[in-house]
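**Q** Below is the sequence, then the predicted model.
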Amino acid sequence: MKQKIFIIAGLLLLIAVIGIMFTDLFSGKKQEQTNPYDYKMGEIRKTDSNQTAYTELLTIKPALVEIHAIVNGDGDRIYVAGKNGLEIYKGDGKPDGNFSFEGVASCMAIDKRGKIFIGIQDHVEVFDQIGKPAGKWKSVSPESILTSIAVSNSCVYVADAGKKIVYRYDLNGRLINRIGEKDPQKNVPGFIIPSPYFDLALGKKGELWIANTGRHSLEQFSDEGVLNSAWGEASMAIDGFCGCCNPSHFAFLHDGSFVTSEKGIERVKIYSPKGEFTCIVAPPSAFTEGTRGLDLAVDSKDRIIVLDPERKQVRIFVKK
Amino acid sequence: MYIVRCTSFFLLFLLLPLVTLPIQRFPKPEFETNYTQPSTQIPVPRAELLAYLDVLVLLVALALVSWLVLKKRSRLWVFAMSVFSLAYFGFYREGCVCSIGSIQNVSLALFDHSFVLPLTVLLFFLLPLVFTLFFGRTFCAAVCPFGAIQDLVAFKPQSLGSRLNTVLGIIPYLYLGLAVLFAATGTDFIICRYDPFVGIFRFNASFGMFLFTGILLLSGVFIARPYCRFLCPYGVLLNWTSRFSRRHLTITPKECIQCRLCENSCPYDAIDFPVTDKSPESRPLMVKKMMMLTVLVPFLVLIFGYTGSRMQDTLAGVDYRVKLAKEVMALSKMQDAKAGSREPGAGSRKQVQDDSFEIKAYKASGKTESQVYSEASAVLKKFYLGGWLFGGFTGLVIAMLIAGRMLPVYRKDYVTNKGRCFSCARCTDYCPIKS
């Protein structure tokens, strides 16, 4: 009896195997067509809420049609530039002035004297605080796409995503030198900038930092163009920079920590001055999927000001 | 032996969690102007020298196992060799190239002259057959990793009896016929497609595949070596060859003393018992049987051949070119229906997705509908002839089985069934005559 049970069990299992093979071969049933290379971002967009150390304090809605650049000026005045104009807001979000100009501003900086440097496509235009033109610099190349400006006491740094290079000008717009130029003879690889997001900023001590987005790194250069240090890691994880090319923008807190923003997986994070991940300012869930160009600024109280071009908002984040 | 087998089985499953974990890779792109996109990399085939090393290992293993079976008559050493084969041909070589699958390569090379058959594959196909022709199925005994892995789980093997063995024994012939048919027509390598153990050897089995293997191995607990006995298409060729083997394993090294100790020793029902009480059949009865067979054999060949040819559509339905033609036709009908402002797909019950991978690939290929149909038509013609041959072969197999049961058999001693015996040497342990 026991033997029969074993035989029947064995036979049933064997028949099941043959049945599976036969059915699979002749049923003509199509296998579920799922793309194995489908880029599933859902899980990657999730973050640990305990890592989010900031909360949104204030939202400003500029009247500009498009907004692309933000900067924090004297007295924590917030300057927002975009298509055909610039708007100024006080730290509490109240309007404090505006002016118009021709073109789409892609980047902006303000010097200590209050001069506003605005990058418009392939050249820089300079305005005073009331919008009076104070200069229009010569275009370097028609292929130029200016994406970032930073001003020190003696010079102006301009990032050109089109030519994948940083220009160093004097305050009057005279080109001093180029930084990060590709030079195969000296084995200088140049910047890898796959998309028109190429940011630069001055650190705590006035040192120049440039986002080499294709390498997912932030690199520190001397004024002569010598690479001094770099950090950054490509990763979908929260402590790395995701996608083809990130961080798209960055800024500095007063202790020298980096505030970075990314596209692809929209997130704003803080890294220590050594480049170690510290916390999240705004997780991907805080943004509309597909948002790009989250320009950043930091005010005197280390409040983080995020420009959200998708929602056309200026969003201010403070520590919880 | 039982403890050794249990330990080996346990160790085997301890290895299973060592599945390669997927690593989230993120290659940094390089979009520089002068950058040239690398061409798609095809996995490099095994170096030629190493491929010949595999052949050498196969040759040595076959020779060693043949010696162990025929000269040493040692089950323990044969078992040790099967563990080695499982490790080398199974886990190290990941079940490829294997003699079982090589049937398809050889078939395709015979029917499609553009297909180049590597010498190593041909050797993998031929060497076990040559050894079997001389020494019996020593390949099955301890060289084939499929047999080795099944041997590890045969904990409660049951005797199935002669009739059940005969009926189930037809399946490998059908599998062989289909495998050759599909390979020869360039349709599919179904032996590889339904290879139950490759997922385990490579540690990459999907859940469905793992379940499939699990069911087969579970059945192997009660029916020893179910794949080898009732599925393996290469086993059919080995069975045929082994019948003519010059030196085959014998249960006893000398004369059988009819002690009956070996009667239940074979878990594969491959020991033929003495048939002594059967009186010789009368001449008229023999003539009658022969006449019956003379009619029956061609009748079965023809009737099954005709049935096979009528199954042309079903058999060809497995072919990817025919499948595509069906999809293109359904899509075309659907579009016609839409153009005629009728309900989409009203003309055909079968809906088709116009964004399926196959349709996308077809659209991208630039082929016309008529090209797709003419390709499918050529395949259908092949399957008409193939159906006849497959059906005829099936009919012949059934006729031979009937003939085998009709014809009288006389046997004095307990002997191994040369066709079915895997030369595992289990029975030798039971024989009291040792030299």
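**A** Right, received. Where do you want to start? Numbering: from 1, shown residues only, chains lettered A, B, ... in the order given.
**Q** Where does the residue nearest to residue B:300 when sequence neighbours are not counted sit: helix, strand or coil?
**A** Using C-beta to C-beta, 6 or more residues apart in numbering or on different chains and skipping residues adjacent in sequence, the residue nearest residue B:300 is residue B:395, 3.9 Å away. Using the backbone N, CA and C atoms, a C-beta is placed for each residue, glycine as well. Following DSSP: H, G, I helix; E, B strand; the rest coil, we place residue B:395 in the helix state.
**Q** repeat for residue A:169
**A** Note that with three-state DSSP, the state of residue A:169 is strand.
**Q** Run through the bridge partners of the residue nearest to it when sequence neighbours are not counted.
**A** Distance criterion C-beta to C-beta, 6+ apart; nearest residue to residue A:169, sequence neighbours excluded, is residue A:156 at 4.5 Å. Beta-bridge partners of residue A:156, counted by DSSP bridges, are residue A:151, residue A:169.
**Q** right, and the residue nearest to residue B:300 touches residue B:296 too?
**A** No - using C-beta atoms under 8 Å, residue B:395 is not in contact with residue B:296, being 9.7 Å away.
**Q** Show me which of those two is the more surrounded one.
**A** residue B:395 (23 against 17; other C-beta atoms under 10 Å in any protein chain shown).
**Q** so how far is residue B:305 from the more buried one?
**A** 6 Å (C-beta to C-beta, to the nearest Å).
**Q** Find me the pLDDT at the residue nearest to residue A:169, would you?
**A** Predicted confidence (pLDDT) at residue A:156: the value is 96.
**Q** swap in the one 4 residues further on?
**A** At residue A:160 the predicted local distance difference test score is 96.
**Q** Can you report how many residues neighbour the residue lying closest to it once chain neighbours are set aside?
**A** Leaving aside its chain neighbours, residue A:160 sits nearest to residue A:144 (4.7 Å; criterion: C-beta to C-beta, 6+ apart). As a burial measure, residue A:144 scores 19 neighbours (other C-beta under 10 Å).
**Q** and residue A:152, what does it touch?
**A** A:202, A:206 (C-beta atoms under 8 Å, 6 or more residues apart in numbering or on different chains).
**Q** Parallel or antiparallel, which strands does the host helix or strand of residue A:268 pair with?
**A** If you go by DSSP states H and E, residue A:268 is part of strand A:267-271. Partners of strand A:267-271 in the sheet, by DSSP bridges, are strand A:258-262 (antiparallel), strand A:277-282 (antiparallel).
**Q** mean confidence for the first one?
**A** The pLDDT scores in strand A:258-262 average 97.
**Q** which element follows the longest strand anywhere in chain A toward the C-terminus?
**A** Criterion DSSP state E: the longest strand present in chain A is strand A:95-110. Toward the C-terminus, strand A:95-110 is succeeded by strand A:116-120 as the next helix or strand (DSSP H and E).
**Q** Pull out the buried positions in that next one.
**A** When burial is assessed from 16 or more other C-beta atoms under 10 Å in any protein chain shown, strand A:116-120 yields the following buried residues: A:116, A:117, A:118, A:119, A:120.
**Q** Among these, which pair sits farthest apart?
**A** Put simply, by C-beta to C-beta the two of the buried residues of strand A:116-120 set farthest apart are A:116 and A:120, 11.9 Å from each other.
**Q** what are the phi and psi angles of the residue in the stretch 151-300 of chain A that chain B sits nearest to?
**A** Nearest residue of the stretch 151-300 of chain A to chain B, counting by C-beta to the nearest C-beta: residue A:194, 4.2 Å away. Here is the backbone geometry of residue A:194 (degrees, to the nearest 10): phi -70, psi -20.
**Q** Would you mind confirming that it makes contact with residue A:243?
**A** No - applying C-beta under 8 Å as the test, residue A:194 and residue A:243 come out as separate, 9.4 Å apart.
**Q** Does the one helix or strand residue B:337 maps to reach chain A?
**A** Per DSSP H and E: residue B:337 is located in helix B:320-339. Yes - contact between helix B:320-339 and chain A is present through residue B:323 (criterion: C-beta under 8 Å from any C-beta of the partner chain).
**Q** how much space between residue B:339 and residue A:262?
**A** Relative to residue A:262, and taking C-beta to C-beta, residue B:339 is found at 48 Å.
**Q** Near chain B, which residues of the stretch 1-150 of chain A? Just list them.
**A** Going by C-beta under 8 Å from any C-beta, the residues of the stretch 1-150 of chain A near chain B are A:3, A:6-7, A:9-14, A:16-18, A:20-21, A:24-26, A:28, A:30, A:33.
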